[in-house]
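J.: what shape does this take:
(2 chains)
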Amino acid sequence: MDEQQVRKYFRTEKQLQFRTDFFDAAEDYEVWEEIDFANVQEIEGENTFEIKEEDVLFFAEAALDTNPLVRDPEVARRSTYGELFVHPVFITSIIFWCVGEKGRGNWIRTPGARNPGQSCVIHEYLRIGETIHIKMKPHDRFIKRGKYHLQYKVDLYNQHDVLKVETITTLILPKDREGIRRFLAGERGVDD
Amino acid sequence: MKPLTFDAISDGDRLPEVVRTVDQETFWKFAAASFDYNPVHCDPEWVKTARPFTLTTTVGHGMMTGAFMSSVVTQWMLPTVLKIRKASVKFTFPVLPGWTITSRGLVAEKHVLAPGKNFVVITVKAENQDGMVVGLAEYEVEFPD
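T.: Residues are numbered from 1 along each chain as shown, chains lettered A, B, ... in the order given. Next comes the predicted model:
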């Protein structure tokens, strides 16, 4: 990827810190067939995410949302809600940030991964100023129409350990390391 | 703008649609927003041979489509802040650069329980300019007292 194509959009502190090259550590990514379902353990993400106004505003803009309560801090402050409404799909940014590069759950960075759909339960809306950490564990692994699906339960907590959102995070992945290597080489790493 | 009230809503009500046109710049910017730099969205050269979706072009993030579909609900409800308590989305076809995605929602169910517990189920369908379905979603939205 020509990184300049994405860097030209960078405006937030986190964007400058995050490693955009998903190939770099891919040899160490967790692999579909190697996930241990016999001894499931819940683990914390590598990083925490402090929700800042700049993060929330940028996401809403990139999502092409035009609602003033999502895009205009002044309008949002004058509303009954009193602050910017955090876009529901902002959860995605938090999960990628908190999983990090080397920690468990890094299979979400697999080049060639495909998204069949997602689900979540929202207990409380995310708010600017909160610091989110995630807890995750393997949830399911299945083959459907020849495609290898992996699901983790990924739960988002704030700094007071209040459960904000529960998700089932699902991706279709290469079955094994050989599939990942093929994608890294620019070849098709799945056979479906 | 008048607050949205549970009594004013009927099953079958259609929500205002959300229309978005996307291109490769949209995908790059969404990558920067979501931290999802999967080359299937960001690298037009790599995807020509790697073809995860068997397509030789990049495709938009599934969660980009998810964002469009959830905007149907937030556009409808805000400034009334209802509680979106459950969301599930399914991506049925990848979104290509240059497509226009129209997301349409309707009140599929109205659950009449008690003040503070009443909720509706909103289903949303996202289609491209040719009517191809690219995403389906369902949201449970609770009304406060």
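
J.: does chain A sit close to stretch B:29-47?
T.: Yes. Counting by Cβ under 8 Å from any Cβ of the partner chain, chain A has neighbours in stretch B:29-47: B:29-40, B:42-43, B:46. To be clear about C-beta, it is placed using only N, CA and C from the backbone, and glycine gets the same treatment.

J.: what residues sit buried inside that stretch?
T.: Across stretch B:29-47, burial judged by 16 or more other Cβ atoms under 10 Å in any protein chain shown covers B:29-44, B:46-47.

J.: flag the shaky bits of the chain, pLDDT-wise.
T.: With no chain named, the answer covers chain A. Within chain A, no stretch has pLDDT under 70.

J.: wrong one, chain B
T.: In chain B, residues with pLDDT under 70: B:1.

J.: okay, now the sheet partners of the longest strand along chain A, with direction.
T.: As assigned by DSSP state E, the longest strand anywhere in chain A is strand A:131-144. In the sheet, strand A:131-144 lines up against strand A:43-44 (antiparallel), strand A:49-50 (antiparallel), strand A:147-157 (antiparallel) (DSSP bridges).

J.: residues in contact with whichever helix or strand comes after the second one?
T.: Think strand A:49-50. Sequence order places helix A:53-62 as the next helix or strand after strand A:49-50, per DSSP states H and E. Helix A:53-62 is contacted by residues A:9, A:11-15, A:70-71, A:73, A:84, A:86-87, A:89-90, A:93, A:128, B:26, B:29-30, B:32-34 when judged by Cβ atoms under 8 Å, 6 or more residues apart in numbering or on different chains.

J.: gap between helix A:53-62 and the chain center?
T.: 15 Å (Cα atoms, centre = their mean, to the nearest Å).

J.: could you dump that helix to CSV, C-alpha only?
T.: What follows is helix A:53-62, C-alpha atoms only, in CSV (Å, rounded to 0.1, in the frame of the first residue of the first chain):
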residue,chain,number,x,y,z
GLU,A,53,-13.3,14.6,20.5
GLU,A,54,-10.8,14.5,17.5
ASP,A,55,-11.2,10.7,17.2
VAL,A,56,-15.0,10.9,17.3
LEU,A,57,-15.2,13.8,14.9
PHE,A,58,-12.9,12.2,12.4
PHE,A,59,-14.8,8.9,12.4
ALA,A,60,-18.1,10.6,11.8
GLU,A,61,-16.6,12.5,8.9
ALA,A,62,-15.0,9.4,7.4
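
J.: what comes up buried for that helix?
T.: A:Asp55, A:Val56, A:Leu57, A:Phe58, A:Phe59, A:Ala60, A:Glu61, A:Ala62.

J.: let's see stretch A:112-122 as PDB, backbone CA atoms only.
T.: These are the backbone C-alpha positions of stretch A:112-122, laid out as PDB (Å, rounded to 0.1, in the frame of the first residue of the first chain):
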ATOM      1  CA  GLY A 112      -7.300 -10.700   3.100                       C
ATOM      2  CA  ALA A 113      -9.600 -11.200   6.000                       C
ATOM      3  CA  ARG A 114     -13.300 -10.700   5.000                       C
ATOM      4  CA  ASN A 115     -16.100  -9.400   7.100                       C
ATOM      5  CA  PRO A 116     -19.400 -11.400   6.800                       C
ATOM      6  CA  GLY A 117     -21.200  -9.300   9.500                       C
ATOM      7  CA  GLN A 118     -21.000  -8.300  13.100                       C
ATOM      8  CA  SER A 119     -23.300  -8.100  16.200                       C
ATOM      9  CA  CYS A 120     -23.200  -6.200  19.500                       C
ATOM     10  CA  VAL A 121     -25.200  -5.400  22.600                       C
ATOM     11  CA  ILE A 122     -24.900  -1.800  23.700                       C
END
